[in-house]
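give the three-dimensional model of this entry:
(one chain, ligands or ions: 1)
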Amino acid sequence: MSHPLIAVYGATGHTGRLVASELRARDRDIVLAGRDGGALKALSDEFGGPPVHEAPVDDPGALRALAERADVLIHCAGPFTHTGRPLATAAVEGGCHYVDHALEQHHTAWLFDEMQEPARRAGVTMITAMSFYGGIGDLLAGATAAGSEDIERVVLGYAVSDWLLTTGAKRTAELLFADTRRITYDAGARHVGYVEPRNAVFPFPPPLGPRTMIAPVPFSEVVTVPRHVRTARVEAQLTAATFEQEGVFTSEHADAAARAGSRFIVAAQVVTAAGGSAGQVSGRDLWRLSAVASVEAAVRLADAPHEPGVYGPAEAFPAEEFLRDLERLGLLSYSGRTRS
Ligand SMILES: NC(=O)c1ccc[n+]([C@@H]2O[C@H](COP(=O)([O-])OP(=O)(O)OC[C@H]3O[C@@H](n4cnc5c(N)ncnc54)[C@H](OP(=O)(O)O)[C@@H]3O)[C@@H](O)[C@H]2O)c1
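Residues are numbered from 1 along each chain as shown. Sure, this is the predicted structure:
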């Protein structure tokens with residue numbers, strides 16, 4: 001019997017390599033894919049010879065052949081502003097389930113707005129933002145809001161330190177900072193336009209305590225959270241100190257061991273007229289968490305049928321259960337929900 005084949009696109013990048021290693025450790029059949037055939041061959045030699053598939057993003061035929069060959073594709077090559085649409089389109093045309101690491105709001109919005117029907121018709125399940133930024137916030141919002149009614153706002157606070165940006169992450173950050181057409185979610189609707197960034201204070205519980213935040217940061221929760229939490233407002237924030245650390249933007253050549261030293265707390269505040277609820281996760285190594293979260297999603301799609309369509313993480317899987325699974329894998333600690 002043949003086993004499901006999982007394609008890793010962008011396998012030569014930091015995230016792609018972690019994803020491929022995790023799949024190999026789980027004895028999964030993989031194909032290493034990307035734009036650079038030589039680098040893919042070298043990676044394959046290192047990994048004991050899994051097949052490779054060279055497919056630049058401007059070659060729809062090669063991308064489609066990859067999607068026709070694989071059962072699930074994990075898209076790890078970014079910025080998704082450049083790579084998102086060609087891969088997602090190929091996945092639908094080739095009948096291949098799809099998981100991505102995008103935090104880019106416009107890519108995620110495009111998937112829901114334009115690819116929902118094509119994905120359903122093709123019998124393809126697509127899960128976007130299945131990563132750290134965007135993904136953990138979406139899962140935490142789902143787990144924290146469960147059972148609450150009349151929610152006024154959901155605020156997601158990311159406290160991140162020792163984050164050493166890769167080339168892909170740095171290029172993504174540059175594009176996001178420069179984007180003047182930001183998506184926000186307010187008064188129960190999506191808006192697109194210029195947003196003046198402000199400094200807010202997010203009340204992380206002790207021992208971290210309240211922190212100065214960049215608010216809002218243009219992550220994908222404003223698109224994904226309203227799909228499963230009925231609320232008037234969603235906002236993601238990131239500790240201002242994250243970008244003040246030395247080395248954040250000059251760490252493209254850092255090795256994997258140094259990158260593994262990142263530390264994070266992600267907290268959700270769900271505010272209702274009656275009070276609300278809070279929840280948080282914490283841990284080390286946001287890169288590995290990102291990679292394994294996407295692998296968890298991909299193997300679920302590979303092993304059991306899932307309703308076709310486009311989903312965010314918490315829409316695709318029960319949020320609290322998924323966070324507990326990540327906790328069991330040693331990737332984070334989850335505090336559970338506290339009500340006030
Ligand atoms: N949401 C999150 O928390 C999260 C977490 C991890 C990663 N990500 C995203 O995932 C992406 C990759 O991150 P990374 O850390 O793995 O970066 P990286 O180490 O710099 O690797 C980037 C990968 O993308 C490929 N790539 C870049 N532009 C491409 C293009 N136009 N066509 C085809 N392939 C292209 C690169 O191929 P070459 O080697 O040929 O250049 C490389 O394989 C970034 O967009 C990042 O923002 C998001």
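
mind checking which helix or strand whatever residue of the chain ends up closest to the ligand is in?
Residue nearest to the ligand within the chain (Cβ to the nearest ligand atom): G78, separated by 1.7 Å. In this view, the C-beta of every residue, glycine as well, is placed from N, C-alpha and C. Element membership for G78 (DSSP states H and E) is empty, with no helix or strand holding it.

that one touches G10, doesn't it?
Yes. Checked against Cβ atoms under 8 Å, the pair G78 and G10 is within contact range at 7.3 Å.

H75 pairs with what?
The residues listed as beta-bridge partners of H75 by DSSP bridges are Y9, D100.

what is the burial count for it?
Close neighbours of H75, defined as other Cβ atoms under 10 Å, add up to 30.

contacting residues around it?
Residues touching H75, when contacts are defined by Cβ atoms under 8 Å, 6 or more residues apart in numbering, comprise Y9, G10, T83, G84, L87, A88, Y98, V99, D100, H101, A102.

quick check, nearest of these to F322?
Checking the contacts of H75 against F322 by Cβ to Cβ gives V99 as the nearest, at 13.0 Å.

spit out the contact partners of that closest one.
Counting by Cβ under 8 Å, 6+ apart, V99 touches V72, L73, I74, H75, M126, I127, T128, M130, S294, A297, A298, L301.

that one and V72: what is the separation?
From V99 over to V72 the distance is 7 Å, taken as Cβ to Cβ, to the nearest Å.

shared neighbours, those two?
Residues touching both V99 and V72 comprise A298, L301, with contact defined as Cβ under 8 Å, 6+ apart.

nearest spatial neighbour of the residue of the chain closest to the ligand, skipping sequence neighbours?
If the residues on either side of it in the chain are set aside, G78 comes closest to G168, at 4.8 Å by Cβ to Cβ, 6 or more residues apart in numbering.

what is the burial count for that neighbour?
G168 has 21 neighbouring residues, counting by other Cβ under 10 Å.

endpoints of stretch 44-57, how far apart?
End-to-end distance for stretch 44-57: 20 Å, by Cα to Cα, to the nearest Å.

got the residues of the stretch 151-300 of the chain near the ligand?
T166, T167, G168, A169, T172, S290 (Cβ under 6 Å from any ligand atom).

which among those count as buried?
Burial of those was assessed by neighbour count (16 or more other Cβ atoms under 10 Å); the buried members are T166, G168, A169, T172, S290.

so which of these is the closest to D58?
Where those are concerned, and distances follow Cβ to Cβ, D58 has its nearest neighbour in G168, at 17.7 Å.

so which residues make contact with the helix or strand harbouring the closest one?
With elements taken from DSSP H and E, the one containing G168 is helix 167-178. With Cβ under 8 Å, 6+ apart as the contact definition, helix 167-178 has outside contacts at 10, 13-15, 77-81, 103-104, 165, 217-218, 249, 252.

just those residues: which are in strands?
Secondary-structure check on the contacts of helix 167-178 using DSSP state E: no residue lies within strands.

in ChimeraX, select just the buried ones from the residues you listed.
Here is the ChimeraX selection string for the buried members of the contacts of helix 167-178, based on 16+ other Cβ under 10 Å:
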select :10,13,14,15,77,78,79,80,81,103,104,165,217,218
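
select the longest helix from this protein.
With residue count as the measure and DSSP state H as the assignment, the chain has helix 286-303 as its longest helix.

same for it, what does it pack against?
Using 3 or more Cβ pairs under 8 Å, 6 or more residues apart in numbering; DSSP states H and E as the contact definition, the elements that helix 286-303 packs against are strand 5-9, helix 14-25, strand 72-75, strand 97-100, strand 125-127, helix 313-316, helix 319-328.

and the longest one, how far from the chain's centre?
What that stands for is helix 14-25. Centroid separation for helix 14-25 versus its chain: 15 Å, with Cα atoms, centre = their mean, to the nearest Å.

can I get it in CSV, CA atoms only?
Coordinates of the C-alpha atoms in helix 14-25 are reproduced here as CSV (Å, rounded to 0.1, in the frame of the first residue of the first chain):
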residue,chain,number,x,y,z
HIS,A,14,15.2,27.2,8.0
THR,A,15,11.5,26.4,8.5
GLY,A,16,11.4,24.0,5.5
ARG,A,17,14.3,22.1,6.8
LEU,A,18,12.8,21.8,10.3
VAL,A,19,9.5,20.6,8.7
ALA,A,20,11.3,18.0,6.6
SER,A,21,13.4,16.8,9.6
GLU,A,22,10.2,16.4,11.6
LEU,A,23,8.5,14.4,8.9
ARG,A,24,11.5,12.2,8.5
ALA,A,25,11.6,11.6,12.2
